[in-house]
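[1] give me the fold of what follows.
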Amino acid sequence: MASNGKQPAGAIATRWVEIGVAVALVVVGAIVILDSHRVGVGWAPDGPRSGYFPNIIGWILAAVGAWIVGETVYRWKSLESKVFVEREQLKPVLQMLLPTIAYVALVALIGIYVASMIYIGAFMRVQGRFGWLKSLAVAIAVPVAIFLLFEIWFLVPLPKGPVENLLGY
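    A predicted model of the protein is given here:
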């Protein structure tokens with residue numbers, strides 16, 4: 001940290017992270033509240049409607065988020081020099097997070113098995129620096145084993161894409 005009490009260049013301040021998480025809580029709480037009202041939050045003759053308890057949880061989430069925003073704004077000056085993370089500390093986190101986000105998007109587009117092959121193989125090559133043969137072997141073996149376990153033995157369907165459709169699954 002710089003000696004003048006300010007943050008180093010490229011650092012993310014704790015106060016902004018607290019505000020961001022708190023706002024996310026308020027948004028999630030609002031979504032829960034709105035959806036609870038869609039399905040009914042009142043009391044029916046046979047008991048609470050399906051949105052009754054989620055509505056309460058939504059209000060709690062929104063209230064806690066609002067409280068955190070208010071408390072962070074109240075302590076704004078005292079949090080000025082507090083660093084949540086510096087750029088160099090964030091780099092390994094993003095090296096894990098960004099491929100994982102891409103993997104989740106790929107699962108929605110091409111199914112879990114092919115996406116897993118790509119994710120495992122790329123991760124082994126780029127992050128683990130394994131050779132091509134080992135990376136390909138594991139990238140193919142793991143999704144095939146998961147396919148056999150879930151689809152064939154347990155009869156639990158997982159998200160499939162065009163490759164599985166071509167194979168008749």
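
[2] C-alpha from now on. contacts and neighbour counts both.
    Fine.

[3] show me the domain layout of this structure.
    12-85, 87-166 (automatic domain parsing).

[4] which one of these is the most hemmed in?
    Most buried of the domains of the chain by mean neighbour count (mean count of other C-alpha atoms under 10 Å) is domain 12-85; its value is a mean of 17.

[5] just checking, residue 48 touches residue 54?
    No. Residue 48 is not in contact with residue 54 according to C-alpha atoms under 8 Å; the separation is 10.9 Å.

[6] before we move on, the earlier item: make JSON lines from the domains of the chain and add mean pLDDT to it.
    JSON lines is the format used below for the domains of the chain (pLDDT from 0 to 100):
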{"stretch": "domain 12-85", "mean pLDDT": "94"}
{"stretch": "domain 87-166", "mean pLDDT": "95"}
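
[7] which residues are in contact with stretch 62-70?
    Defining contact as C-alpha atoms under 8 Å, 6 or more residues apart in numbering, one finds that stretch 62-70 is touched by 18-19, 21-30.

[8] let's see 6 Å
    The contact list for stretch 62-70, computed with C-alpha atoms under 6 Å, 6 or more residues apart in numbering, reads 19, 22, 25-26, 29.

[9] now stretch 141-148
    Contacts of stretch 141-148 (C-alpha under 6 Å, 6+ apart): residue 113.

[10] equivalent analysis for stretch 27-43, please.
    By C-alpha under 6 Å, 6+ apart, stretch 27-43 touches 49, 51-52, 55, 58, 61-62.

[11] in the protein, which residue is closest to the centre?
    The chain has residue 101 as the residue nearest its centroid, 7.7 Å off, counting by C-alpha atoms, centre = their mean.
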